[in-house]
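Peer 1: Just need the structure, nothing else, for what follows:
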Amino acid sequence: MAFLRSYFTTKPTLLEKDVTDLKGKVFIITGGTGGIGLELAKILYHANATRIYILSRSAQSGDTAIGLIKTSESPPGMKQRSAKDEDTVRFIALDLGDFSSIKAAAESFLKLETRLDVIWHNAAVMLAPEGSVSKQGHELTFATNVFGPFLLQHFLTPIMLQTLRNPATVKGSVRVCWAASGDGVVPPGEDGRTARYMQSKAGNAILAAEMAKLHPDIISCAFNPGAIKTDIARHAPWFLQVVHNLMSHPVRFGALTELYAGFSDEVIKKNGCFVVPFGQIGTTVPKVEAGIAERNTGFLYVPMEKADGSWITRGGAEVEPRRRTGHLRRSCETCRRSKVRCIPKADSSNAFPLCERCSVNGTTCIFERAIARPRQTKSMPKSKRKVVEEKIDGLVTLISSISAKSAAREVQSPKNVDSATSLVEGSSPECTKLSPTARQDVVARGFLTTDEAKQLLADFAAASEEFSPVLLPPEASLDHLRLERPCLLLAILAACARDHLQARLEIEFRKMLADRVIVNAEKNLDLLQGLLVYLTWNHLYFNPAKEQIYQLSQMATTMAAELKLPLDDSVKDILIQQRGTFDKHGQYYFIIEKMRTFVACYYVDSCISLAMRKPSHFKYCRTVADCCILLPYVSLTASDEILSCFVQLQGLAEEVDQLFQYNNIRWLEVVDYLQIQVMMNKFKGKLDELVQSFPPEAKANSLIQRKCLYIRIYIQEVGLHSPPHHEANMDLSNAMCCSWCSSLPRLNIAISCIRAAQSYINEYVFLPPQSLRSTVLFQESELLYAILVLAAATLGGVTVSEPGQLRELADISSYLIALRDKMMTMGTMTDHGQDRRDYFWKMTQFFKHCLNWKSQDAGNQAPCLGTCSSSSDDSMSFLRILENIPTEEVIQKDSMFNLLDMSWIMSASEF
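Peer 2: Residues are numbered from 1 along each chain as shown. I've put the predicted structure just below:
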C-alpha cells in the first residue's frame, strides 16, 4: 500500500500561480538540468527569481537546460517573466559522487553570491549497478543521495545563516529541502540495490529532521516528489520501468511538490517535516518516524560529519569539524573580528540580538551559534594483553636483528670476506628495517578483517601451486607478513580478492608503490617481490586507463640491479657446501630467497617484453642459467625446480626472437627457405631436449605444457611473414613474388603454425576449472597470441596460391565458440545473484564480440591482394577487427604487435 500511495495521490495544494514574486532571491537546484529539477527551475524563472543555479555533472546538459528555461512558456496560471534577464540562470558543475567536485561547486557559488534563500537537494541516483562506487570509494547510491548533499549543505549553511540575519529576509523563507522517496522507505534488511536506495532515502529524512534541530531558524524538510516520469529509474529492471512509466505522473506534479516544500507556510509550522505528493504534510513509515521522534537522529548525522568533515579538512578547507549548539555566541561577528567588547542592547526589538557598537555604526550585527566544545576522551589504560603483545613484538625484532648479524659473521670466512660482506651489507637490513609498528596496512584500516586476509593467503597458496614468482614458507603467518613483507602481502591480497575489494586493494598497492619507491626512494626485496606478484596476476584487475605492465616490469628489473641480486661465485660455493643445512630464519635462507627473486624477475620481464615486442635489457645469460641449476639444488623445493623449467623455456623463446627478429624481418630477403627450415628444426630439437630433461612434476604442470605449445607456435611464426615491400610487386593475385613468398615450404610452415595455435586453444579449452583459475598473465597473453595467428590466416594476411586454403584451415569461428563457452562455464554469481564481472566475464564478452565480427565478415571472402603477407605487424594483429568495433569501446589502437595490450579486450562492459 505504501508503494501504491506514490502513484495514487491527492490534488496539488500549491500551484504555480500561488508563488509570490521572487525578485531579489537566490536559489539552488541540484540535478536541475532535467526532470523535476528543470521543471522547478522554469517556475522560479517566471516568478522573477533574481538568480537560479542549476547544479549537475554535464556542462553540455547545463547549457541545454539554460536554453530551455529561458525559452520556456510560463506555467499554467503564471505570467511570463517580467523582470530583466541579467544572467538569471547559471550552471555549476557538480558530481555528488566526488567530494572534491562538491567542494569546488560550493566555492564557485560562494564567490558569486552573498545570499541563498532556498536549496533543493533534488539530484539522486536509483538502483545503481552492483559494485558502483564513488571516487572516494563509498557505495555510489549512499554517496550520491546522502553523503554528497550533506557535504554540499555543510559548505552552504553559513551563507544561509547570513541570509537569515538580513533584516529584509522574511522569517521562514530560508529553507533546505531534501529529496526523500515514497513513504514506503524502510531501513533495509538484506543488502541489495533496492534496499540501498531505500536506506539512502530514509537517511535524507533523518538529515532533514536533524538539521531542523541544529538550525531551528532555517526551515528544513524532506519531500517525496511522487511517482514521476523521469529517467531516475533507468537502472531498474525492465518490468519495473514498464510499470513506472505506465502509472507515473507528469514532471509538473513533482515540481509542485518541491514548490510546496520550498514556499508553503504549512511547512514553517512543522520544521523537519516530511512532505508527501502533491503538496501536504505527511509522515514516512512508522519505523523511520519512530527513529526520528524517539531516538537521537544524530546517530546518522555525526558519522557523516566525521566522514565528510575529516576528508574536507585535509588541505585546509574552511570546514568546522565540530557541531554548533542551540545557544548564540556572546559576541557578534563584527566585534569578534575587531577584537572589541560586544555589549548586546537590552531593548532590542529585532528578532535577533543587536549590539550597541553595531547599532551606533550602522553595521550588520550577526550572532552565530556557539560551537560545541570537543568532548574530552578519557585515556583508557592499556590492557595487560596489549602490553605483553608490544613487549613480545619488540623482543622478536631484537632477536631477528641479532640472528641476522650472527649469521652474517658466520658467512664471512677469511677467504671470502669481501664477497660475503658485500652480500650481507646489501641484504640483511631489509629484514630488520620494517619495525613491528609497521605502516597502517589495509587490515588495520578496515578494508578487510584478519580472517578474510588469512583466507586470501590460503587462496594464494592454492592458486600458486603451478607457478609463483615468490615462495612463502609454510610458517609465514599473516602477522609475519604484515610486519616483514607489507608490500608483498598487499599484492597477494589484491590478486586473490574479488569484486569491489579487489579494485580497492589494487589501488592501495599502487599508492604504496608510489609512496615508497617514488616519494621515499626505497628499494628492497619486499617491494620487488610485491611488484612481481602484482604483474603475474595483473590480468585479474587490468585497467586500460592505468596500463603500465611494461613500465613496471622495467622498474622491477632496475630494482633487481640496484639490490645486486646476482650472487658472487664464492657465495655460490658456500651454498653448495652447506646444502640441506639451512635454517629457514637464517642468513643462508635469505640468500636463496634473493636468488629465487632474481630468476623470477628475469622471467617476468622477459615474458612481458617478448609478448609486447618491446626491448628488454635483462637477457638470458650465464648468470641466469647458473641460478637455474643452483636454485633447485640448494633449496630442495619442488616449486624452485619448476620455476627453473619456466626460465629455461623462456630462454629458448628469447633465442628464437633474437634469431628470427620478428620486429625487423628484412633478413628474409637474403635467407632462403632451406636455411629457415634448418634453424626451425634446430629450435624444435632444443625444445624436445629441454622437455625430456624436466622432472615429472614439471612435465605434468599444465602451465609448462602450454608454454611448450606456445614456443612451437613462436618458432613457426616465421611462415606468416614475408620480406618488406613485397606487396608492391604483386599486382595479380597469383603472381610469383620470390622463392620464399610463393614456396611450398613456407605454406607448410604456415599450416604447421596454425595447427600449433589450434592445439594451444584445444589444450586451454579442456583445462579443468581449478587449473584455469590459477592461470597467470603470461599464459593469458599466449592465448591471445594463438588467436592472433588464426586471425591472420582468416583475414587473408598470409595468402598463397590458393587464397581460401588457410582461411578454411584456421576455422577461427569454431575456436571462438569453444572459448566463449569455456569462459561462460567459468563465470560465477555475486551474493546478490548478479553475474560477477571478473576476468572470465570480460573474456566471454570479448569472444562474443569476435564472433559478431566474424559473422559480419563472413560475406567478404576476398583475400588481401598479393600472395604474401605484409611485413608490418598490422597483418598479425586484430587491427582490422578493431576498425569494426565502435569507437567508444576502443581504448588504444597500436599498430605494433602488442600481445599484452588488452585494453581493447577489457574496455567494453557490454556489447
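
Peer 1: what sits against Asn762?
Peer 2: By C-beta atoms under 8 Å, 6 or more residues apart in numbering, the contact set of Asn762 is Ala818. Just so you know, the C-beta spots here come from the backbone N, C-alpha and C atoms, and that holds for glycine as well.

Peer 1: what's the helix or strand for it?
Peer 2: Assigned by DSSP states H and E, Asn762 belongs to helix 744-765.

Peer 1: Ok, Ile92 next?
Peer 2: Applying DSSP H and E, one finds Ile92 within strand 89-93.

Peer 1: What residues sit buried inside the helix or strand just after that strand?
Peer 2: Per DSSP H and E, the first helix or strand lying C-terminal to strand 89-93 is helix 99-112. By neighbour count with 16 or more other C-beta atoms under 10 Å, helix 99-112 contains the buried residues 99, 101-103, 105-106, 108-109.

Peer 1: and helix 99-112, what other elements does it pack with?
Peer 2: When contacts are defined as 3 or more C-beta pairs under 8 Å, 6 or more residues apart in numbering; DSSP states H and E, helix 99-112 sits against strand 89-93, helix 148-164, helix 298-312.

Peer 1: got the angle between it and strand 89-93?
Peer 2: Here the directions of helix 99-112 and strand 89-93 differ by 150 degrees (axes from the mean of the first three to the mean of the last three C-alpha atoms, to 10 degrees).

Peer 1: Helix 99-112 to helix 148-164, inter-axis angle?
Peer 2: Put simply, helix 99-112 runs at 20 degrees to helix 148-164, going by the same axes, to 10 degrees.

Peer 1: send the alpha carbons of helix 99-112 over as PDB?
Peer 2: Provided in PDB are the C-alpha atoms of helix 99-112 (Å, rounded to 0.1, in the frame of the first residue of the first chain):
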ATOM      1  CA  PHE A  99      33.900  15.100  -2.600                       C
ATOM      2  CA  SER A 100      36.400  17.400  -4.500                       C
ATOM      3  CA  SER A 101      33.700  18.300  -7.100                       C
ATOM      4  CA  ILE A 102      31.300  19.200  -4.300                       C
ATOM      5  CA  LYS A 103      33.900  21.500  -2.600                       C
ATOM      6  CA  ALA A 104      34.700  23.200  -6.000                       C
ATOM      7  CA  ALA A 105      31.000  23.700  -6.700                       C
ATOM      8  CA  ALA A 106      30.400  25.300  -3.300                       C
ATOM      9  CA  GLU A 107      33.400  27.600  -3.700                       C
ATOM     10  CA  SER A 108      32.200  28.700  -7.100                       C
ATOM     11  CA  PHE A 109      28.800  29.600  -5.700                       C
ATOM     12  CA  LEU A 110      30.200  31.500  -2.600                       C
ATOM     13  CA  LYS A 111      32.500  33.600  -4.900                       C
ATOM     14  CA  LEU A 112      29.400  34.800  -6.900                       C
END
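
Peer 1: The spatially most central residue of the chain and Lys25, how far apart?
Peer 2: The residue lying closest to the centre of the chain (C-alpha atoms, centre = their mean) is Ala503, at 4.9 Å. Distance from Ala503 to Lys25, counting by C-beta to C-beta, to the nearest Å: 44 Å.

Peer 1: First-to-last residue distance for stretch 270-283?
Peer 2: From its first residue to its last, stretch 270-283 covers 12 Å (C-alpha to C-alpha, to the nearest Å).

Peer 1: how about that stretch: buried residues?
Peer 2: Buried, per 16+ other C-beta under 10 Å, within stretch 270-283: 271-281.

Peer 1: try stretch 52-60
Peer 2: Within stretch 52-60, the residues that count as buried by 16+ other C-beta under 10 Å are 52-57.
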